[in-house]
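Chemist: Here's a sequence, model it:
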Amino acid sequence: MSDQYRVCIVGCGRMGGTIDEEVKGSKHRSLPYSHAAGYTAYPQTTVVAAADVFEEKAQYVCSKWNIPKYYLDYREMIEKEKPEIISIATRPGNHAEITGFAAEHGVKGIYCDKPLCASMEEADTMYDVCVRHNVKFNLGTQRRFSPGYLKMREIIESGEIGDRRSVIAYSGGSALWGYTHAADMLLFLAGDSDVDYVQGDVDVDDNDFEDNRTESDPPIVMGYIQFRNGTRGISIPGSAYEFEVDCSDGIVRSLNNGLGFQLRKRHGQFNEILDTDFPDYEHKSGTVGCIADIVEAIDIDRETEGNIRLARISTEITLGIVDSQRQKGARVYIPMGNRSLYLGRW
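Modeler: Numbers count the residues shown, from 1 in each chain. The predicted structure is shown next:
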């Protein structure tokens, strides 16, 4: 156990250190939000350096968060600074490369911003290297570390509203950049179950699949996930990132991107599903929760809550839905065979 963990940040863009300026004053109570802000707020982490290929970005983030050193090459930074934890806040094209280098150079924990990567080949590489080196890994899908969503899952797992039947995501967006959040929450609210198969409808020109690599990050319109524990996952177009879990004796739902939560239970003379008070919970930053989870996992050598196995599953949900579109809407059984399918040009 360490009183202080040395941290290095790779990527000094929006999520690396500037998004807090955008969301300041938001009703979502998500601050601290960026990686740099989260580490600054958490008492057991100290950011010792940051790296970016654009010097002005590195300089700005280091100045804003009082980070003493910046580098233009993340490899040099890791070799010289010897951090216990790194953040990866770059675009997904080099996440596998950075993860491998960090794991092989003694890094104990990795906080990787979403999306995980752009193909299942890359996801497999990241999984293998993290398992081999016992790296405590979290993907930056912070809802699973946010107290309101944790309370949702607590209600479901307690059996208070009966047996879980389906999980619905009212959200959409591009596969990697947006749907990553939906896939992770569907997985989280389904109890982090393994997946049997997926199907989907994706807004992409079929000709874009000719070289097994799409030119863009295609929008997912609808998705279906058959979880191994029997839960059915469904995503449909929505505008507020809302998630609903339907159980045999009630329904629990997040509202307006987590601004509120709704609980309905079966009761009364006619067994109606009626509104019930959602339990109180403490509002905390999901970013800080993600960081705290990595630190505790290193301290006591346990698995993290958003670990590389779960990150690979949610990524395979997303890529499997896109591959379903490539196969004219066919079921894609997991593990999917087309592991070289690559989304976007990063």
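
Chemist: Please enumerate the strands of the stretch 101-250 of the chain.
Modeler: According to DSSP state E, counting those that start in this stretch, the stretch 101-250 of the chain carries its strands in the segments 109-112, 136-139, 164-170, 195-202, 220-227, 232-236, 242-247, 250-255.

Chemist: Compute the inter-axis angle for the fourth one and strand 220-227.
Modeler: For strand 195-202 and strand 220-227, the angle between their directions (axes from the mean of the first three to the mean of the last three CA atoms, to 10 degrees) works out to 170 degrees.

Chemist: I'd like the mean pLDDT over strand 195-202, please.
Modeler: Looking at strand 195-202 alone, the average pLDDT works out to 98.

Chemist: and if you look at the first one?
Modeler: Mean pLDDT, strand 109-112: 98.

Chemist: Now tell me what touches that strand from outside.
Modeler: 5, 35, 84-88, 95, 99, 102-103, 130, 135-140, 290-291, 294-295, 297-298, 311 (CB atoms under 8 Å, 6 or more residues apart in numbering). From N, CA and C alone the C-beta is placed, and that goes for glycine too.

Chemist: is it true that residue 305 touches residue 143?
Modeler: No: between residue 305 and residue 143 there is no contact under CB atoms under 8 Å: 11.6 Å.

Chemist: Who has more neighbours out of the two?
Modeler: Between residue 305 and residue 143, counted using other CB atoms under 10 Å, residue 143 has the larger neighbour count: 23 against 18.

Chemist: Quick check: the gap between the more buried one and residue 44.
Modeler: 23 Å (CB to CB, to the nearest Å).

Chemist: Over to residue 255?
Modeler: Here residue 255 is placed at a distance of 33 Å from residue 44 (CB to CB).

Chemist: Counting neighbours, what do you get for the nearest residue in space to residue 189 that is not next to it in sequence?
Modeler: Computed as CB to CB, 6 or more residues apart in numbering, the closest residue to residue 189 that is not its neighbour in sequence is residue 167, at 4.6 Å. The criterion is other CB under 10 Å. On that basis, residue 167 has 24 neighbouring residues.

Chemist: is residue 167 in a bridge, and if so with what?
Modeler: The bridge-partner assignment for residue 167, based on DSSP bridges, gives residue 233, residue 245.

Chemist: Residue 313 versus that one, what's the distance?
Modeler: The gap separating residue 167 from residue 313 is 14 Å, by CB to CB.

Chemist: Same check on residue 261?
Modeler: Distance of residue 261 to residue 313, computed by CB to CB: 25 Å.

Chemist: pLDDT score assigned to residue 1?
Modeler: Looking at residue 1, its pLDDT is 69.

Chemist: before we move on, what about residue 239?
Modeler: Per-residue confidence at residue 239 stands at 81 (pLDDT).

Chemist: likewise residue 42?
Modeler: The pLDDT attached to residue 42 in the predicted structure is 98.

Chemist: Make sure it is actually in contact with residue 289.
Modeler: No: using CB under 8 Å, residue 42 makes no contact with residue 289, being 9.5 Å away.

Chemist: Give me the common contacts of residue 305 and residue 143.
Modeler: Joint contacts of residue 305 and residue 143 (CB under 8 Å, 6+ apart) do not exist.

Chemist: Could you list the buried residues of the helix or strand of the chain with the lowest mean pLDDT?
Modeler: Every helix and strand of the chain was ranked by mean pLDDT, DSSP states H and E. The lowest is helix 19-23, at a mean of 89. Neighbour counts over helix 19-23 (16 or more other CB atoms under 10 Å) mark 19-20 as buried.

Chemist: Pull the residues that contact that helix.
Modeler: Under the contact criterion CB under 8 Å, 6+ apart, helix 19-23 has outside partners 14, 30-34, 37.

Chemist: Quick one: buried ones out of the residues you listed?
Modeler: Neighbour counting over those (16+ other CB under 10 Å) leaves 14, 30-34, 37 as the buried ones.

Chemist: could you dump these to a markdown table with secondary structure and pLDDT?
Modeler: As requested, the buried ones among the contacts of helix 19-23 are exported to a markdown table (DSSP: H, G, I helix; E, B strand; the rest coil; pLDDT from 0 to 100):
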| residue | secondary structure | pLDDT |
| --- | --- | --- |
| 14 | helix | 95 |
| 30 | coil | 76 |
| 31 | coil | 87 |
| 32 | coil | 94 |
| 33 | coil | 94 |
| 34 | coil | 96 |
| 37 | helix | 97 |
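
Chemist: Fine by me, thanks again.
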